[in-house]
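Colleague: what shape does this take:
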Amino acid sequence: MFILQRMVSTHSLFSASAFVSGPILNKSSLHSNLSRSFSWPKLEFRALALYKTRNGLSTSSAVATDSASHTLLSDQNDPLEKGSAEKPLVLPTNESSEKLLRIRHTCAHVMAMAVQKLFPNAKVTIGPWIDNGFYYDFDMEPLTDKDLKKIKKEMDRIIARNLPLVREEVSRDEAHSRIKALNEPYKLEILDSIKEEPITIYHIGGEWWDLCAGPHVPSTGIINRRAVELESVAGAYWRGDENKPMLQRIYGTAWENEEQLKAYLHFKEEAKRRDHRRLGQDLDLFSIQNDAGGGLVFWHPKGAIVRNIIEDLWRKIHIDRGYDLLYTPHVAKADLWKISGHIDFYKENMYDQMNIEDELYQLRPMNCPYHILIYKRKQHSYQDFPIRVAELGTVYRYELSGSLHGLFRVRGFTQDDAHIFCLSDQIKDEIRGVLDLTEEMLLQFGFSKYEVNLSTRPEKSVGDDDIWDKATSALKDALDDKGWSYEIDEGGGAFYGPKIDLKIEDALGRKWQCSTIQVDFNLPQRFDITYVDSNSEKKRPIMIHRAVLGSLERFFGVLIEHYAGDFPLWLSPIQARILPVTDKQLEYCNEVAKKLKENGIRAEVCHGERLPKLIRNAETQKIPLMAVVGGKELDTGTVTIRTRFVGDIGTMTVDDFISKTMSAIENRTAF
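Modeller: Predicted coordinates for the structure are as follows:
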């Protein structure tokens with residue numbers, strides 16, 4: 001698969017801002033519109049409906065969502081929400097509320113003004129609104145939490161003064177003169193990047209101003225200071241370039257009223273509770289070992305069990321749907337990446353080349369060239385199509401150390417990559433087949449709500465009009481046949497073909513881009529792949545790139561947070577833990593565990609502590625089922641069963657326990 005533009009820094013969760021001095025993304029011309037299926041989740045709360053059927057699987061059909069509402073729902077399992085009879089709170093977004101967008105944009109200015117009042121030597125750079133608030137970057141000494149409190153108090157004073165925001169148009173020379181007088185070097189650089197005239201400036205009460213295109217609220221008093229909070233400070237390289245100065249980025253959140261802020265903060269706490277980095281450590285699922293290097297994932301035994309389940313399911317579904325599975329090398333001659341164009345257009349994301357016996361080799365950043373080489377091993381006929389190949393291929397990409405983030409942004413990861421070679425009149429059916437496979441795969445994990453986008457031909461592209469029109473129509477027809485609603489991103493496709501992107505919605509209502517389907521007219525030409533048509537003439541096949549899960553590492557991280565570590569019974573690394581009341585029952589417990597394992601149930605015996613602590617430990621480790629064995633159970637050949645969410649459910653024979661457990665696993669239901 002291909003890759004999307006890299007983000008500016010660790011926390012660049014910005015949306016397109018009208019702020020003239022907004023971030024400049026580091027794009028590559030070849031791969032700027034294709035994704036390795038990584039995107040930070042947008043905090044647009046479609047629903048804070050915390051996962052209710054934790055041990056089950058929803059049987060409802062998948063549905064592509066297009067609702068603009070964002071609802072926070074109470075969780076009956078959340079102690080903070082018990083007894084609450086309040087109606088769901090619908091939170092606005094920047095897209096649904098222009099007032100909120102203006103508030104957030106103005107808050108960025110107010111914060112910058114407050115910072116420069118308190119720290120006169122601070123130099124300002126950029127300050128856009130983002131999905132959940134705003135940020136501003138400053139060149140200044142490192143800030144502390146105590147400094148944030150001071151800045152917030154100064155912001156409150158500015159807001160209380162109800163200062164007007166006034167727009168002014170000036171010439172480029174006038175703007176240059178004013179910025180130079182203030183000794184703001186970053187603003188001079190920003191001014192040079194602005195091509196439009198006239199230059200617009202926004203003033204706050206005649207006391208502070210900034211280059212800006214708006215929009216803003218008329219005066220600071222419109223902002224509810226109790227609905228604004230400064231959240232954190234992070235380092236961010238200027239322009240996202242590690243060779244440029246490290247700036248202090250202050251993040252803030254802003255809402256229309258206090259109720260919205262409280263709901264957002266509750267969401268934030270829930271997201272923190274589900275953080276896959278913490279849960280990964282607490283549940284012993286994975287680690288990033290500093291001795292090995294940042295961004296390299298170690299799958300621990302329990303995490304590896306979940307990965308194996310995902311992989312086995314992935315392989316079965318692909319084989320059932322007519323894919324041939326591949327394994328390809330982790331390195332290749334550098335010449336291969338010259339042919340593909342990666343060295344010319346993607347070099348900054350690739351690791352240094354290795355000299356092996358006077359030949360240069362490269363760690364692979366993508367799998368597609370390998371799959372093309374397998375296609376080229378022989379001449380194909382039109383009768384061979386479609387050809388579908390798939391691989392769980394590990395790739396390596398250079399990421400700045402500051403941008404690494406648990407399983408979500410790593411330097412080595414395994415893609416569920418696949419490529420389809422087909423004829424032009426087969427595109428629609430193949431795309432529909434990918435959509436069906438995607439739905440089947442994602443439903444296994446309870447993901448049934450999707451946001452779907454179709455990106456069409458950009459201004460600069462390869463391929464003639466006829467094939468673009470045919471491919472784009474095929475993508476639309478496949479989506480229409482599927483009955484999924486989708487948005488069209490006009491001109492948002494890659495230069496080499498249109499694409500479909502699919503984002504899944506997790507238990508917190510966050511969107512995660514996982515699945516990508518991309519038609520490619522470029523690589524078949526670069527590698528000169530052909531087939532022989534019915535007239536014995538050589539023609540160029542259509543190539544389709546696609547990933548369903550994106551990467552196993554990132555998808556695992558999404559699963560951990562979606563389930564809050566409480567994996568459903570069928571997916572849980574340890575499905576049952578056998579707990580003896582005393583060591584007198586230990587031998588019997590080992591026999592029970594052995595019988596469970598013989599029937600495919602992942603079980604273990606835990607002993608050496610008092611029973612209450614054994615139970616607490618099992619619950620802390622989020623074990624779905626516990627089988628308690630005391631003297632009575634030993635005498636009667638039974639076990640007393642306890643589940644994580646129900647508690648004690650009674651005593652039963654070992655055979656009945658096995659039968660019920662196997663049935664629940666097979667049917668993806670709770671015990």
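
Colleague: outside of whatever helix or strand Pro369 lives in, which residues touch it?
Modeller: Per DSSP states H and E, Pro369 falls inside helix 368-375. The contact list for helix 368-375 (Cβ atoms under 8 Å, 6 or more residues apart in numbering) reads 1-2, 326, 328-329, 332, 336-337, 339-340, 364, 387, 389, 391, 393, 417, 419, 421, 523-524, 527, 529, 543, 545. Quick note: C-beta positions are derived from backbone N, CA and C, even for glycine.

Colleague: what's the first helix or strand after the lowest-mean-pLDDT helix or strand in the chain?
Modeller: Least confident helix or strand, the chain: strand 71-72 with a mean of 40, by mean pLDDT, DSSP states H and E. With elements assigned by DSSP H and E, the helix or strand that comes after strand 71-72 is strand 89-90.

Colleague: name the helices or strands packed onto that following strand?
Modeller: Under the contact criterion of 3 or more Cβ pairs under 8 Å, 6 or more residues apart in numbering; DSSP states H and E, strand 89-90 touches strand 71-72, helix 258-273.

Colleague: what packs against whichever helix or strand comes after that strand?
Modeller: Sequence order places helix 98-118 as the next helix or strand after strand 89-90, per DSSP H and E. For helix 98-118, the elements it packs on are strand 123-124, strand 129-130, strand 133-139, helix 145-160, strand 199-204, strand 208-211, strand 246-254, judged by 3+ Cβ pairs under 8 Å, 6+ apart.

Colleague: how far off helix 258-273 does helix 98-118 point, in degrees?
Modeller: Angle of helix 98-118 versus helix 258-273, following axes from the mean of the first three to the mean of the last three Cα atoms, to 10 degrees, is 80 degrees.

Colleague: buried residues, helix 98-118. List them.
Modeller: 100-117 (16 or more other Cβ atoms under 10 Å).

Colleague: which residue ranges of the stretch 251-400 of the chain form strands?
Modeller: For the stretch 251-400 of the chain, the strands defined by DSSP state E, counting those that start in this stretch cover 286-288, 297-299, 324-325, 331-333, 354-356, 359-363, 380-381, 387-396.

Colleague: among those strands, which is nearest Asn453?
Modeller: Closest to Asn453 of these, according to Cβ to Cβ: strand 387-396, at 23.3 Å.

Colleague: for the stretch 401-550 of the chain, what spans make up the strands?
Modeller: Counting by DSSP E, counting those that start in this stretch, the strands of the stretch 401-550 of the chain are 412-422, 449-455, 487-489, 499-505, 511-520, 531-532, 538-539, 542-551.

Colleague: and the angle from the fourth one to strand 449-455?
Modeller: What it means is strand 499-505. 160 degrees.

Colleague: for the record, mean pLDDT for strand 499-505?
Modeller: The average pLDDT within strand 499-505 is 94.

Colleague: same deal with the fifth one?
Modeller: When pLDDT is averaged over strand 511-520, the result is 93.

Colleague: same question, the longest one
Modeller: Looking at strand 412-422 alone, the average pLDDT works out to 96.

Colleague: show me how far it is from its chain's centre.
Modeller: Relative to its parent chain, strand 412-422 has a centroid offset of 18 Å by Cα atoms, centre = their mean, to the nearest Å.

Colleague: out of the helices and strands packed on strand 89-90, deepest packed?
Modeller: Among the helices and strands packed on strand 89-90, strand 71-72 has the highest mean neighbour count (mean count of other Cβ atoms under 10 Å), at a mean of 20.

Colleague: quick one, which of the helices and strands packed on strand 89-90 gets closest to Pro624.
Modeller: In terms of Cβ to Cβ, the element of the helices and strands packed on strand 89-90 nearest to Pro624 is helix 258-273, at 18.9 Å.

Colleague: C-alpha coordinates for that closest one, PDB please?
Modeller: Output of helix 258-273 as PDB, limited to C-alpha atoms (Å, rounded to 0.1, in the frame of the first residue of the first chain):
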ATOM      1  CA  GLU A 258     -19.500  24.800  30.400                       C
ATOM      2  CA  GLU A 259     -21.800  21.800  29.900                       C
ATOM      3  CA  GLN A 260     -20.000  21.000  26.600                       C
ATOM      4  CA  LEU A 261     -16.600  21.400  28.200                       C
ATOM      5  CA  LYS A 262     -17.500  19.000  31.100                       C
ATOM      6  CA  ALA A 263     -18.800  16.400  28.500                       C
ATOM      7  CA  TYR A 264     -15.600  16.800  26.600                       C
ATOM      8  CA  LEU A 265     -13.400  16.400  29.700                       C
ATOM      9  CA  HIS A 266     -15.400  13.300  30.600                       C
ATOM     10  CA  PHE A 267     -14.700  11.900  27.200                       C
ATOM     11  CA  LYS A 268     -11.100  12.700  27.600                       C
ATOM     12  CA  GLU A 269     -10.900  10.900  30.900                       C
ATOM     13  CA  GLU A 270     -12.500   7.800  29.300                       C
ATOM     14  CA  ALA A 271     -10.100   8.000  26.400                       C
ATOM     15  CA  LYS A 272      -7.200   8.100  28.900                       C
ATOM     16  CA  ARG A 273      -8.600   5.100  30.800                       C
END
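
Colleague: now the angle from that helix to strand 133-139?
Modeller: On the basis of the same axes, to 10 degrees, helix 258-273 is oriented at 70 degrees to strand 133-139.

Colleague: buried among the contacts of helix 368-375? Make that a ChimeraX selection.
Modeller: To isolate the buried ones among these in ChimeraX, judged by 16+ other Cβ under 10 Å, type:
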select :1,2,326,328,332,336,337,339,340,364,387,389,391,393,417,419,421,523,524,527,529,543,545
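
Colleague: now Gln518: how far from Trp512?
Modeller: Using Cβ to Cβ, to the nearest Å, Gln518 is found at 18 Å from Trp512.

Colleague: the residue nearest to Lys476 when sequence neighbours are not counted: neighbouring residues, count only.
Modeller: Counting by Cβ to Cβ, 6 or more residues apart in numbering, Leu454 is the residue found nearest to Lys476 once chain neighbours are left out, at 6.6 Å. Counted with other Cβ atoms under 10 Å, residues neighbouring Leu454 total 21.

Colleague: confidence score at Leu454?
Modeller: 95.

Colleague: that one contacts Trp484, correct?
Modeller: No. Counting by Cβ atoms under 8 Å, Leu454 stays clear of Trp484, with 10.1 Å between them.
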